[in-house]
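>>> With the input below, show me the fold.
(chains A, B, C and D)
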Protein chains: 2
Amino acid sequence: MGTVANGKQVKKIKSLLAIQSEVQSSNRIALSVDCVIFGFDENKLKVLLMRSDLKKYQSKWSLLGDLVKPDEDLDAAAYRILKQRTGLDDVYLEQVHSFGKINRHPGGRVVTVAYCSLINIQHHKLKILDNELHWHDVASVKDLAFDHKTIFDLSLQRLQKRVQEHPLGFSLLPNKFSLRELQNLYEAILSIKLDRRNFRKKFFAMNFLVDMDEIEQNLPHRPGKLYKFDYDKYEKNKKKWSGIDF
Amino acid sequence: MGTVANGKQVKKIKSLLAIQSEVQSSNRIALSVDCVIFGFDENKLKVLLMRSDLKKYQSKWSLLGDLVKPDEDLDAAAYRILKQRTGLDDVYLEQVHSFGKINRHPGGRVVTVAYCSLINIQHHKLKILDNELHWHDVASVKDLAFDHKTIFDLSLQRLQKRVQEHPLGFSLLPNKFSLRELQNLYEAILSIKLDRRNFRKKFFAMNFLVDMDEIEQNLPHRPGKLYKFDYDKYEKNKKKWSGIDF
DNA sequence: TCAAAAGTGTTCGTACTACACCCATGT
DNA sequence: ACATGGGTGTAGTACGAACACTTTTGA
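Residues are numbered from 1 along each chain as shown, chains lettered A, B, ... in the order given. The predicted model follows:
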């Protein structure tokens, strides 16, 4: 095999070039990431919103988003946005869905990938407060910019489902938490009331809570015991088969 | 308000122009859709694959995909690809996940949105057979082109989960099916064995199966009764709250 | 001693599991 | 008659739902 390309190589190269030209053609689209960032405070589920970048164009609240750079991984873009906008790092982050309606963005065609993030508001105080960035009650969210309400609704719905099947919720709590806090969290996320005794039984039966031998402080009533979630134990023992049920 | 823009309007326009120029800048990325198309035949779960468009470049099997056009809805692109490649229409289609690793495509940066489709192989005979398009046993799928194996694995995993919680599976069966066929389907998708009696009890208890008063034909043994799934009834009666369990 | 929330058990009904026999059909 | 898979019932168990009283703490 010398320096002169043989027939097969030429075909390979031609094929590759064809693909490259197709990819590099005008067939390209602006791609963004939008983060739905949930927090939990005052026994309410919160979401982090800012004023739209198009503030003067439509002065509505919007999710935290930005365009994905051509040399940037999708997940990396989500992390970057979170970091840039909030100063936060090392948080739960998960892709939810991509939204690609043609006219969803007034600036032109932009397809966006939605990510859902869960943050412990106590531990992660916001470090950047541009664009009136702050926490909103989930219940009071109406009418966001662009199609962000749709994105938010789907993300919340997804969270409600996921939190029942996976131990995500703990990302929203301090490392050590009381069972009451845990129950308040579930009640806030799911918008339901749960029986306290059955809730406790449920979680103790799972056997993934570790008693920290500490109790709550500075309460005007009997303090509860504090627990942490044992992720290692969960990973080893989690259910594989849940059963057909719809 | 006359024809001369006032200060606010000028700001609005400037802001909009800034956004548009950002969107139209070099910050754009090729976007594709890849379809993982499942079928069910000979009591095996199948997936529809073709030879990679980069056949000469890497002669591997690949999912059915194409670039999304700048003026095309994401979902519409998925439908188009399905229709173009197979001639099929009117099938179950659902977005699964987006994949955005920088080097996932040899032709340059391409972010892809994966869709999962379920097809009744009997009713929908393939009309187009370019690129060696045909059905492969899911169990025998190895080593696809690009990152298609990753996409396929996630899609299968998602299908396994979804089929336990939602009545998707029926899209893979004829309109009228026997309980044996239904059980075979679940066993194939989930790669497990199920108890026949408990399986029947389960589905009858749901009360979403309608007895068609017909039986299977041309069998060398006692034929089973045929049923169809009552989607309307399901929509009215489906479970809302499944419970915390992980 | 009072207020407020923590902590704890039992009963009941439902739903899943495991398991074995008779029945209808075609050969 | 026989081979093949269709169709059914029961007993045991586990889990979730409903429900009320005693205990601890700080004020």
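>>> From here on, just use CA atoms for contacts and neighbour counts.
Fine.
>>> Residue numbers of chain A in contact with DNA strand C?
A:178-180, A:196-198, A:200, A:220-225, A:243, A:245 (CA under 7 Å from any atom of the strand).
>>> Go again with 6 Å.
A:179-180, A:197-198, A:221-225 (CA under 6 Å from any atom of the strand).
>>> which of these tops the neighbour count?
Among the residues of chain A next to DNA strand C, the one with the most neighbours (other CA atoms under 10 Å in any protein chain shown) is A:Leu179, at 20 neighbours.
>>> Ramachandran coordinates for it?
Main-chain torsions, A:Leu179, degrees, to the nearest 10: phi -70, psi -30.
>>> thought it was touching A:Lys228?
No: A:Leu179 is beyond contact range of A:Lys228, at 10.0 Å (criterion: CA atoms under 8 Å).
>>> For A:Ser171, which residues are in contact?
Contact analysis of A:Ser171 by CA atoms under 8 Å, 6 or more residues apart in numbering or on different chains lists A:91-92, A:118-120.
>>> tell me the two of the residues you listed that are most distant?
Maximum pairwise distance among the contacts of A:Ser171 (CA to CA): 9.8 Å, between A:Tyr92 and A:Asn120.
>>> Next, name the residue at the spatial heart of chain A.
In chain A, the centroid-proximal residue (CA atoms, centre = their mean) is A:Cys116; its distance is 1.5 Å.
>>> helices or strands up against the one helix or strand that one maps to?
In this structure, A:Cys116 is located in strand A:110-118 according to DSSP states H and E. Here strand A:110-118 touches strand A:28-41, strand A:92-99, going by 3 or more CA pairs under 8 Å, 6 or more residues apart in numbering or on different chains; DSSP states H and E.
>>> Same list (the ones you listed) but as TSV, adding mean neighbour count, distance to chain B and mean pLDDT.
Listed next are the helices and strands packed on strand A:110-118 as TSV, based on neighbours: other CA atoms under 10 Å in any protein chain shown; distance: least, CA to the nearest CA, whole Å; pLDDT from 0 to 100:
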stretch	mean neighbour count	distance to chain B	mean pLDDT
strand A:28-41	25	4	97
strand A:92-99	19	6	98
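>>> Which of these sits closest to DNA strand D?
Shortest distance between DNA strand D and these, using CA to the nearest atom of the strand, is found for strand A:28-41: 21.8 Å.
>>> What is the helix or strand following that closest one packed up against?
Next in sequence after strand A:28-41, counting helices and strands by DSSP H and E, comes strand A:44-51. Helices and strands touching strand A:44-51, as assessed by 3+ CA pairs under 8 Å, 6+ apart, comprise strand A:28-41, strand A:61-62, strand A:64-67, strand A:134-137, helix A:179-190.
>>> near chain B, anything from the third one?
Yes: for strand A:64-67, a contact with chain B is found by CA under 8 Å from any CA of the partner chain, at A:Leu67.
>>> just to revisit the earlier point, next, check the residues of chain A next to DNA strand C against the strands and list the overlap.
Using DSSP state E, the subset of the residues of chain A next to DNA strand C located in strands is A:Lys225.
>>> gap between A:Asn43 and A:Glu181?
As defined by CA to CA, to the nearest Å, A:Asn43 lies at a distance of 8 Å from A:Glu181.
>>> A:Thr86 now?
Per CA to CA, A:Thr86 is found 25 Å from A:Glu181.
>>> ok, now A:Lys225?
The value you get for A:Lys225 to A:Glu181, if CA to CA is used, is 11 Å.
>>> just to revisit the earlier point, higher neighbour count, A:Thr86 and A:Glu181?
A:Thr86 (20 against 16).
>>> gap between that one and DNA strand D?
Using CA to the nearest atom of the strand, to the nearest Å, we find A:Thr86 at a distance of 35 Å from DNA strand D.
>>> what's that residue in contact with, if anything?
By CA under 8 Å, 6+ apart, the contact list for A:Thr86 reads A:126-129.
>>> what about 7 Å?
Contacts for A:Thr86 (CA atoms under 7 Å, 6 or more residues apart in numbering or on different chains) come out as A:126-128.
>>> relative to helix A:179-190, how tilted is the strand or helix carrying A:Phe204?
A:Phe204 is part of helix A:196-206 when elements are defined by DSSP H and E. On the basis of axes from the mean of the first three to the mean of the last three CA atoms, to 10 degrees, helix A:196-206 is oriented at 100 degrees to helix A:179-190.
>>> Show me how the record splits chain A into domains.
With domains defined by automatic domain parsing, chain A comprises A:30-165, A:174-237.
>>> Lowest average confidence across the ones you listed, which one?
When the domains of chain A are compared by mean pLDDT, domain A:30-165 comes last with a mean of 93.
>>> start to end distance for that domain?
Counting by CA to CA, you get 34 Å between the two ends of domain A:30-165.
>>> same question, stretch A:221-234
So stretch A:221-234: terminal residues 32 Å apart, CA to CA.
>>> wait, does that stretch contact DNA strand D?
Yes: judged by CA under 6 Å from any atom of the strand, stretch A:221-234 comes into contact with DNA strand D through A:221-223.
>>> got those residues as a markdown table, with distance to chain B columns?
Output for the residues of stretch A:221-234 next to DNA strand D, formatted as a markdown table (distance: CA to the nearest CA, whole Å):
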| residue | distance to chain B |
| --- | --- |
| A:His221 | 29 |
| A:Arg222 | 27 |
| A:Pro223 | 25 |
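>>> Alongside DNA strand D, which residues does chain A contribute?
Residues of chain A lying close to DNA strand D by CA under 6 Å from any atom of the strand are A:197-198, A:202, A:219-223.
>>> Among those residues, give me the pair with the biggest separation.
Between any two of the residues of chain A next to DNA strand D, the greatest separation by CA to CA is 27.2 Å, found for A:Lys202 and A:Pro220.
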